[in-house]
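1. Compute the structure for the input listed below.
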Amino acid sequence: MNNLKKRYIYIQEQIRSHDYEYYILDRPSIPDHQYDELFKELKQIELAHPDWVTSESPSQRVGIKPSTDFATFKHFKQMLSLANAFNADDIKNFHDRIVKNLGNKEQIEYFCEPKMDGAAVSLIYERGILARGVTRGDGTIGEDITSNIRTIRSVPLLLKESQNSFPDLLEVRGEIFIQKSDFDTLNLKAKEKGEKVFANPRNAAAGSLRQLDPAVTSSRPLAFFAHGIGTCQGHEFTDLEQIFSTFSSWGLPVNNYNKLVTSIDECLHYFHDIEAARENIPFEIDGVVFKVNKLSLQKQLGEIARSPRWAIAHKFPAEEVHTEIEAVDFQVGRTGILTPVAKLKTINVGGVNVSNCTLHNLDELNRLDPRVGDGAVIKRAGDVIPKMVKVIPKKRNRAAAIQAPKKCPSCGSKTIFNYQAEWLVMNINNSKPVKKFSSNYEAQKYLDDQQSSQLNIVENRMNTPFLKCSGGNNCPEIFQGKFTHFVSRKAMDIDGLGQEILYTLINKKYINDFADIFSLKEHRAELEKLERFGQKSVENLIQSIDQSVSVELHKLIFSLGIEEVGETTARNLANVFKSMEALQNATFQDLIEVPDIGPRVATKIIDYFCNIENITSVKKLLRHLSISNPNINDVNEEMKFLGLQIALTGKISPMSRDEVKNLLLSGGAKVTSSISKKTDCLIAGENAGSKLEKAKALGVRIIDATELTDFINDPKTFL
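-> Residues are numbered from 1 along each chain as shown. Modelled structure (predicted):
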């Protein structure tokens, strides 16, 4: 090896060492100008000897040409989400379940970490060399962002030599984040340049990682902490403490606030210590994470769906802030329902800038009585939609109360009230109610069964829960809303038809009916000339439309947007009627015999398929589709939820509501949208509402977020 090659290798080692000292230890040992001179010499040597350059050279962090798209990559091992805990009882229950599942009462060590509020990634090292960087994605498949990951100075391109030999393959799980001070500087520079500022460090980090030009990512002050391990081939670990110690010896940055404890009480002390120090911690966190330290115990405990049994996130309490109400408007949804929305003086709540807050319905509007100029207390926990907790009335010259509009704000059509009612079977002699029903049909059936001349039926309108536009498809918001629903992920799942593009195609008259979407390929040349379109985007759109042609029956039914027909009802209809034709020809009596469908919903379905416009629209649509109907409710005696009637409410994590629902359905459960005496249990997530109260009143078994994993694994122990 000649002297220049030796010098080249030496310079690389020096630069890596100085990067580690500067970006990870925060203890630079040389001034910036000396570092710059080393880097300049490195690039001069590489310019003269390009064949010496390898991927792990410090010069290769930036310089790759911008990409046109990100490739996908399937994780070697699924990236899991964590179940949430919100108080000390949740944490103690978590510990009790671990002790129970392990079948012993030995002392359990927990590894405690701050819960970083950034973007999760997986870094793949092959024999110590960074080979790939991947986003979390859906936990199974992420996006390959290797070019962008390489620009982050705290991510080593080549692991440091140590007494621990490098694994053949190593997946390092961690978080990309931006420190608070760096975030403030980033936004200050953006303001000076007249550019858009970021709402919070998490959004800034996630957005920076998904830049198609690595040079843009390189300009952002991104940092990395390792917080876990995926696949590891060629190296054995015994516990998390050893993993993080080894990571540090290899030059991988780990969080200095991590701590090993020996009891669940110490976990709670750690939580309170971190919560008290939160404002002084240089990066954003939204809680702490507790993990069983020993890997053998983690393996014994296992996991369920996307959540490990051996770890939990203890979230900080929801943040409440005060702001001012600037206006109250009414927004029109796809079914024509008008929802009151408060326009607020922008305020940051839980790391998100909030300027709008839904008031849900007229009952909530009347209860809170918000008026222009009033103060408001807004609450937001994690990713939950902001909620107005209370209104602080303006002391002087308070504005007039908000009135329900008599005309639709979108099309000017008359608004109508939809009354919620109950039907009372009354005793004629003493005018006392005998029984009450949620529909006239059920009340009449009861009356017929009794065959008594001493009874009659009285309709009792209870309140006015919502207001509705009478304009139908003549209302732009309703017309556009039904297409937005049709192409959404849970319905036909057509990528490339975002709201703005969809509205453009509707306004340009390319789309007047559902079937028109499947004829867009005939207008390829015209579409490429439209604003926000191009050859590549049109090609991707047409490909997505072609893929959506093969659709499951329940998704097709849901996509039609029939009022009050949600995902569960659509699935039940598909399971019973087997085909769209059979559903269209179903009678009222046929429909009310379907699980979870009462007279009101049955009437909505009948009305939809009696409408000549809908009949014609569906007929045209079916010509383009290939419909399948895998019946997930085929009876299997081994199904662990068979015969159970289960309801869901609130925000459920770490699994989504859809994932939980599909697990229950595939296990033979009947998943309902309402609570009754027939309900076996209610799965109650965060911010559970009226269903939770009704379940308590009826004595229905309630499964909370901390019990969800164990319930899904073994429901018999709960019921």
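
2. in stretch 365-377, what's buried?
-> By neighbour count with 16 or more other Cβ atoms under 10 Å, stretch 365-377 contains the buried residues 365, 368, 370-372, 374-376. To be clear about C-beta, it is placed using only N, CA and C from the backbone, and glycine gets the same treatment.

3. what's the closest of these to residue 121?
-> When the buried residues of stretch 365-377 are compared for distance to residue 121 (Cβ to Cβ), residue 376 wins out at 37.4 Å.

4. Could you say which helix or strand holds that closest one?
-> Here residue 376, judged by DSSP states H and E, is contained in strand 375-380.

5. before we move on, what about residue 340?
-> Assessed by DSSP H and E, residue 340 sits inside strand 337-349.

6. tilt between the helix or strand following that strand and strand 337-349?
-> Once strand 337-349 ends, the next helix or strand along the chain (criterion: DSSP H and E) is strand 352-358. Computed by axes from the mean of the first three to the mean of the last three Cα atoms, to 10 degrees, the angle separating strand 352-358 from strand 337-349 equals 160 degrees.

7. tell me which residues of strand 352-358 are tucked away?
-> Buried, per 16+ other Cβ under 10 Å, within strand 352-358: 354, 357.

8. and if you look at stretch 334-349?
-> So, applying 16+ other Cβ under 10 Å, buried residues of stretch 334-349: 334-342, 344, 347, 349.

9. Tell me the one among those nearest to residue 180.
-> Nearest member of the buried residues of stretch 334-349 to residue 180, counting by Cβ to Cβ, is residue 349, at 16.9 Å.

10. Leaving out chain neighbours, which residue sits closest to that closest one?
-> Among residues not flanking residue 349 along the chain, residue 380 sits closest, at 4.2 Å (Cβ to Cβ, 6 or more residues apart in numbering).

11. isn't that neighbour right up against residue 319?
-> Yes - using Cβ atoms under 8 Å, residue 380 is in contact with residue 319, at 6.5 Å.

12. Show me which of the two is the more surrounded one.
-> Just comparing residue 380 and residue 319: by other Cβ atoms under 10 Å the higher neighbour count belongs to residue 380, 21 against 14.

13. For residue 621, which residues are in contact?
-> By Cβ atoms under 8 Å, 6 or more residues apart in numbering, residue 621 lies in contact with 513-515, 518.

14. Of these, which is the most crowded?
-> residue 514 (22 neighbours).

15. The closest residue to residue 168 other than its chain neighbours and residue 693, how far apart?
-> Closest residue in space to residue 168, ignoring its immediate chain neighbours: residue 234 at 3.9 Å, by Cβ to Cβ, 6+ apart. Distance of residue 234 to residue 693, computed by Cβ to Cβ, to the nearest Å: 55 Å.

16. Just list the residues touching residue 414, thanks.
-> Contacts of residue 414 (Cβ under 8 Å, 6+ apart): 406-408, 470.

17. give the contact list for residue 620.
-> By Cβ under 8 Å, 6+ apart, the residues touching residue 620 are 513-515.

18. Can I take it that residue 415 is in a strand?
-> Yes - judged by DSSP: H, G, I helix; E, B strand; the rest coil, residue 415 forms part of a strand.

19. That one touches residue 338, doesn't it?
-> Yes - with contact defined as Cβ under 8 Å, residue 415 counts as touching residue 338 (6.4 Å).

20. Find residues that contact each of those two.
-> Joint contacts of residue 415 and residue 338 (Cβ under 8 Å, 6+ apart) are 404-405, 408, 467-469.

21. Would you mind writing the PyMOL command to select the buried ones in those?
-> The buried residues among these can be selected in PyMOL (16+ other Cβ under 10 Å) with this line:
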select buried, resi 408+467+468+469
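
22. which among the shared contacts of residue 415 and residue 338 gets closest to residue 260?
-> Comparing the shared contacts of residue 415 and residue 338 against residue 260 with Cβ to Cβ places residue 467 closest, at 57.2 Å.

23. residues contacting the closest one?
-> 330, 337-338, 362, 404-405, 415-418.

24. hmm, try it at 10 Å
-> Shown in contact with residue 467 (Cβ atoms under 10 Å, 6 or more residues apart in numbering): 330, 332, 336-340, 361-362, 365, 404-406, 408, 415-418.

25. likewise residue 665?
-> Shown in contact with residue 665 (Cβ under 10 Å, 6+ apart): 567-568, 571-572, 575, 632-633, 639, 641, 646, 671.

26. Residue 657 now?
-> Residue 657 makes contacts with 567, 648-651, 671, 683, 685, as judged by Cβ under 10 Å, 6+ apart.

27. what's the answer for residue 396, then?
-> residue 373.

28. Assign it to helix, strand or coil.
-> Judged by three-state DSSP, the three-state class of residue 396 is coil.

29. and the gap between it and residue 373?
-> 10 Å.

30. Out of the contacts of residue 620, which sit inside helices?
-> Among the contacts of residue 620, the ones falling in helices (DSSP state H) are 514-515.

31. quick one: which of the contacts of residue 620 is nearest to residue 27?
-> After measuring the contacts of residue 620 against residue 27 - Cβ to Cβ - the closest member comes out as residue 514, at 62.8 Å.

32. Which residues are in contact with that closest one?
-> 482-483, 486-487, 492, 559-561, 617-618, 620-622, 624-625.

33. how near is it to residue 143?
-> Distance, residue 514 to residue 143, using Cβ to Cβ: 31 Å.

34. Could you do residue 579 as well?
-> Counting by Cβ to Cβ - residue 579 and residue 143 are separated by 38 Å.

35. now swap in residue 515 and tell me
-> For residue 515 relative to residue 143 (Cβ to Cβ), the value is 33 Å.

36. pLDDT weak spots in the stretch 1-150 of the chain?
-> 1, 22-26, 32-33, 61-69, 105 (pLDDT under 70).

37. all helices for it, in order.
-> Secondary structure of the stretch 1-150 of the chain (DSSP state H, counting those that start in this stretch): helices at 3-19, 32-48, 88-102, 146-149.

38. Please identify the buried residues of the third one?
-> Read it as helix 88-102. Those would be 90-95, 97-98, 101, for helix 88-102 by 16+ other Cβ under 10 Å.

39. Show me how far stretch 341-356 is from its chain's centre.
-> 19 Å (Cα atoms, centre = their mean, to the nearest Å).

40. Straight-line length of that stretch, end to end?
-> Separation of the first and last residues of stretch 341-356 by Cα to Cα, to the nearest Å is 7 Å.

41. For that stretch, the averaged confidence score.
-> Taken as a whole, stretch 341-356 has an average pLDDT of 87.

42. How about stretch 614-630?
-> 91.

43. quick one: buried residues of it?
-> 614, 617-618, 621, 624-625.

44. just curious, which of these is nearest to residue 240?
-> Nearest member of those to residue 240, counting by Cβ to Cβ, is residue 625, at 50.2 Å.

45. Wait, the closest one touches residue 548, no?
-> Yes - with contact defined as Cβ atoms under 10 Å, residue 625 counts as touching residue 548 (8.5 Å).

46. Identify the contacts common to the two.
-> Here residue 625 and residue 548 have 492, 518 as joint contacts, going by Cβ under 10 Å, 6+ apart.

47. Double-check the residue nearest to residue 168 against residue 125; I have them as touching.
-> No - between residue 234 and residue 125 there is no contact under Cβ under 10 Å: 11.0 Å.
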